[in-house]
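1. got a structure for you, letters missing:
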């Protein structure tokens, strides 16, 4: 049944084509063809033309899409590359701004103390050969950095140079368990030794049994001969608590350092110190204690309400 329908369709299509050719031949020979006949023929052939056009249109669109796909893929690749460059630029700008802020703090403190310094970036942390608390900086003997020079951050002492090459140096941080530095208490001028404990907490041991320690006492570096390994007057830390014990002959206290050794990005090596040192010019300002003002409103007396 289906085959018969297809045969009739093909026959009808052949008749239409033959009729069209016949009419076209007559028209070319000058034989008058009525407008209505031509319109009728066009009406009959229009569905066939539309069918052929609809059949070949997706094929043309397919090849056009293939051509445009390569162009779109290249544009996407360019956009991805541009986005990657922009992300790197944003990260670089944030890192640069962070380093500039750290450097400004370091130079401000060095300027107040009159220190001549060489600033450097921290390019490594820790040591592959030991468990020491160390950092590596990108300044060395070519920049005037030598062994046993004091290293400072934006808030105070960081450590001391243990070794240096022409372009880099290793700094022993003040929280290393082997670290020792002489300090004085700004308030009482008592002298003691500060010892690292591997974190951001330190132990202060007074050398004078009759010395005075109080909570929030500011500790400054005592200094060494010829200012090496330690320069005088540099903020070190402050007393968090006093250890009351009879087991030791001298007083002890728990100290917190001013420098956050876990977030070092830029440091400065002190090359030269002014004559006499900065004295107490670098004593950090105490953090003001917030106060609360209470206002008391007097309630009206019964006579006043009447």
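-> Yes, it's here. Remember, predicted model here, so these are calculated numbers, not experimental data.

2. Could you report the separation of residue 166 from residue 138?
-> Relative to residue 138, residue 166 is positioned 11 Å away (CB to CB, to the nearest Å). C-betas here are computed from N, CA, C, even on glycine.

3. Over to residue 211?
-> 41 Å.

4. These two: who's more crowded?
-> Taking neighbours as other CB atoms under 10 Å, residue 211 and residue 138 compare with residue 211 leading, 16 against 13.

5. can you tell me which residues contact the residue lying closest to that one once chain neighbours are set aside?
-> Closest residue in space to residue 211, ignoring its immediate chain neighbours: residue 190 at 3.3 Å, by CB to CB, 6 or more residues apart in numbering. By CB atoms under 8 Å, 6 or more residues apart in numbering, the residues touching residue 190 are 184, 206, 208, 211-213.

6. end to end, how far does stretch 178-193 reach?
-> Taking CA to CA, to the nearest Å, the first and last residues of stretch 178-193 lie 12 Å apart.

7. Just the mean pLDDT for it, thanks.
-> The average of the pLDDT scores along stretch 178-193 is 95.

8. okay, and the helix or strand of the chain with the least pLDDT?
-> helix 302-305 (a mean of 54; mean pLDDT, DSSP states H and E).

9. before we move on, back to that, go through the contacts of residue 190 and flag which are in strands.
-> Judged by DSSP state E, the contacts of residue 190 include 184, 206 as members of strands.

10. got any ranges where the protein has weak pLDDT?
-> Across the chain, the ranges flagged by pLDDT under 70 are 1-10, 13-14, 18, 20-71, 73, 85-102, 127-131, 245-248, 285-306.

11. what would the contacts of residue 190 look like in CSV with distance to residue 262?
-> Below are the contacts of residue 190 laid out as CSV (distance: CB to CB, whole Å):
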residue, distance to residue 262
184, 27
206, 28
208, 33
211, 31
212, 32
213, 27
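
12. from the contacts of residue 190, which would you call buried?
-> 184, 206, 211, 213 (16 or more other CB atoms under 10 Å).

13. Nearest to residue 222, out of those: which one, please.
-> residue 184 (5.2 Å; CB to CB).

14. tell me the contacts of that closest one?
-> Neighbour list for residue 184: 190-192, 219-220, 222 [criterion: CB under 8 Å, 6+ apart].

15. Just the buried residues of these.
-> Using 16+ other CB under 10 Å as the threshold, 190, 192, 219-220, 222 are the buried ones among these.

16. Just put those residues in CSV and tack on secondary structure and distance to residue 251.
-> Formatted as CSV, the buried ones among the contacts of residue 184 follow (DSSP: H, G, I helix; E, B strand; the rest coil; distance: CB to CB, whole Å):
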residue, secondary structure, distance to residue 251
190, coil, 9
192, strand, 8
219, strand, 13
220, strand, 18
222, coil, 17
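
17. of all these, which comes closest to residue 241?
-> Using CB to CB, residue 219 comes nearest to residue 241 of the buried ones among the contacts of residue 184, at 13.8 Å.
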